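> I would like to see how this sequence folds:
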Amino acid sequence: MNISNPNRNRKAVVIFSGGQDSTTCLFQAIADYGKENVEAITFQYGQRHAIELEKARWIAQDLGIKQTLMDTSVINAITHNALMDKQAKIEQKNNKLPNTFVDGRNALFLLYAAIYAKGQGIQDIITGVCETDFSGYPDCRDVFIKSMNVTLNLAMDYAFTIKTPLMYLTKAQTWQLADELGVLDYVRTHTHTCYEGIEGGCGQCPSCRLRNQGLSEYLAQKGSNNV
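Okay, here's the model as predicted:
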């Protein structure tokens, strides 16, 4: 018996940076909703790794997905961090938050994505945040997402659903998901994660280390399962 996917009757907007996580979410959304029902929204907030914007634009064009680019760089005027200051050394001291944490970033992204989504008649907002491999960022936690979902619904009197398909996945499991979607090589080749904005990755920043370690773990696991 064929059971139709209920998401095929809905539309979704994916918060899309051009990185591993959001690209995997984009492919999953296309599989779940159908390409014609998926849009991407990308934020330019003054990130030092602006190359991710180029990757996001290329991927959206390659997949034939409508992409909206929003400039939220006004955040530069009210907060300071290493992710938006090319002169700052990226570091994490004494198990505190990394200095790449951008105060309010995900709250801002979700707010703007919701405003846009409502105007387009879209209820589902997809974001690749994760509290398993998340560098301690408080706005990647499930409790924050749930609270933001309630806040947005109340603020706009609209039934948003924020979906976080990677919330409890490790980076290795995220690579596995990309593989199951048939896009492992695509994500490896065309996405950008490096905070330093180096093509192919610097291999040393926290984002590169998480990405590379997760990939190594998944490939090792996959190899042992095939033995």
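
> any weak-confidence spans in the protein?
Scanning the chain with the threshold set as pLDDT under 70 gives 1-8, 134, 227.

> Show me where it has its strands.
For the chain, applying DSSP state E gives strands covering 12-15, 38-44, 66-71, 124-126, 161-163.

> ok, Tyr195 touching Lys89?
No - contact criterion CB atoms under 8 Å: Tyr195 and Lys89 do not qualify, at 11.1 Å. (Glycine included, C-beta is placed from N, CA and C.)

> who's more crowded, those two?
Tyr195 (21 against 7; other CB atoms under 10 Å).

> number of nearby residues for Lys11?
By the measure other CB under 10 Å, the count of residues near Lys11 is 18.

> Next, work out how far apart it and Asn225 are.
With distances defined as CB to CB, to the nearest Å, the gap from Lys11 to Asn225 amounts to 37 Å.

> re the thing from before, need the overlap of contacts for Tyr195 and Lys89.
Shared contacts of Tyr195 and Lys89, defined by CB atoms under 8 Å, 6 or more residues apart in numbering, are found at Ala82.

> Any buried residues in stretch 188-203, and which?
Residues His190, Thr191, His192, Thr193, Cys194, Tyr195, Glu196, Gly197, Gly201, Cys202 are the ones in stretch 188-203 that count as buried (16 or more other CB atoms under 10 Å).

> Hmm, I typed the wrong one, I wanted stretch 167-178.
If you call a residue buried by 16+ other CB under 10 Å, then stretch 167-178 has these buried ones: Met167, Leu169, Thr170, Lys171, Ala172, Gln173, Thr174, Trp175, Gln176, Leu177, Ala178.

> nearest to Arg209, of those residues?
Lys171 (9.7 Å; CB to CB).

> Skipping adjacent residues, who's closest to the closest one in space?
Counting by CB to CB, 6 or more residues apart in numbering, Lys171 lies nearest to Gly214, which is 2.5 Å off, once chain neighbours are set aside.

> my read: Leu177 touches Thr23, true?
No - no contact is recorded between Leu177 and Thr23 when judged using CB under 8 Å, the distance being 11.0 Å.

> that older thread, using CSV, lay out the buried residues of stretch 188-203 together with distance to Asn94.
Output for these, formatted as CSV (distance: CB to CB, whole Å):
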residue, distance to Asn94
His190, 36
Thr191, 31
His192, 29
Thr193, 25
Cys194, 24
Tyr195, 20
Glu196, 23
Gly197, 27
Gly201, 26
Cys202, 23
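
> I'd like to know which of the residues you listed are part of helices.
Among those, DSSP state H puts His190 in helices.

> Look up how far Cys208 lies from the residue nearest to Lys171.
With distances taken as CB to CB, Gly214 is found 11 Å from Cys208.

> Done for today, thanks.
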